[in-house]
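Undergrad: Need the 3D shape of this:
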Amino acid sequence: MERPTGVTVLAVLAFIVAGLAVLGALILLVGGAALSSMMQSSMGGTMMAGVGAIAGIIVLFVAALYAVTGYGLWKLQNWGRILCLVLVVLGLLSTAVNLIRMMTAFHIVYAVWGVFWIAIDIWIITYLLKPHVKQAFGAS
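TA: Below is the predicted model of the structure:
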């Protein structure tokens, strides 16, 4: 079966996010090291380098998840569809929690941005659960 257009778009977006995450991780790793060399205090510099390294490794892990997801979607592997669903649901939950926090402070711009991303996440979930999309992945 031919890959649905929406799946192709999601795979390409996953690869783009993975690439941007790798770039972000490199900035964190190099930036943490550079900031540590600029710090006057050796204790503060060491801590800055450590924070940069830990954050960079976490972001590299996220990049790997998105790269694997993109590959799975591109190759129409059902595990790729499921991994994409898991990542989108986690993003949806994170956005919902942040939206609730923003509502208490009433940041209207952030609230609109959060609602926008929740709508996108819900669209992705419903799309990946449609029968013709599931069939393309060989899922029943």
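
Undergrad: low pLDDT regions in the protein?
TA: Within the chain, the ranges that satisfy pLDDT under 70 run 1, 35-45, 105-106.

Undergrad: redo that, cut-off 90
TA: 1-2, 28-53, 97-115, 139-140 (pLDDT under 90).

Undergrad: now for the helix or strand that residue 94 is a member of, which elements pack on it?
TA: Element membership of residue 94, judged by DSSP states H and E, is helix 78-105. Judged by 3 or more C-beta pairs under 8 Å, 6 or more residues apart in numbering; DSSP states H and E, helix 78-105 is in contact with helix 5-38, helix 42-74, helix 108-128. Every C-beta, even on glycine, is put in place using the N, C-alpha and C of the backbone.

Undergrad: how far off helix 42-74 does that helix point, in degrees?
TA: Interaxial angle of helix 78-105 relative to helix 42-74 (axes from the mean of the first three to the mean of the last three C-alpha atoms, to 10 degrees): 130 degrees.

Undergrad: Give me the angle between helix 78-105 and helix 5-38.
TA: Using the same axes, to 10 degrees: helix 78-105 against helix 5-38 is 60 degrees.

Undergrad: circling back: the helices and strands packed on helix 78-105 into a markdown table, with extra columns for distance to residue 92?
TA: Supplementary listing: the helices and strands packed on helix 78-105 in a markdown table, determined by distance: least, C-beta to C-beta, whole Å:
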| stretch | distance to residue 92 |
| --- | --- |
| helix 5-38 | 15 |
| helix 42-74 | 15 |
| helix 108-128 | 4 |
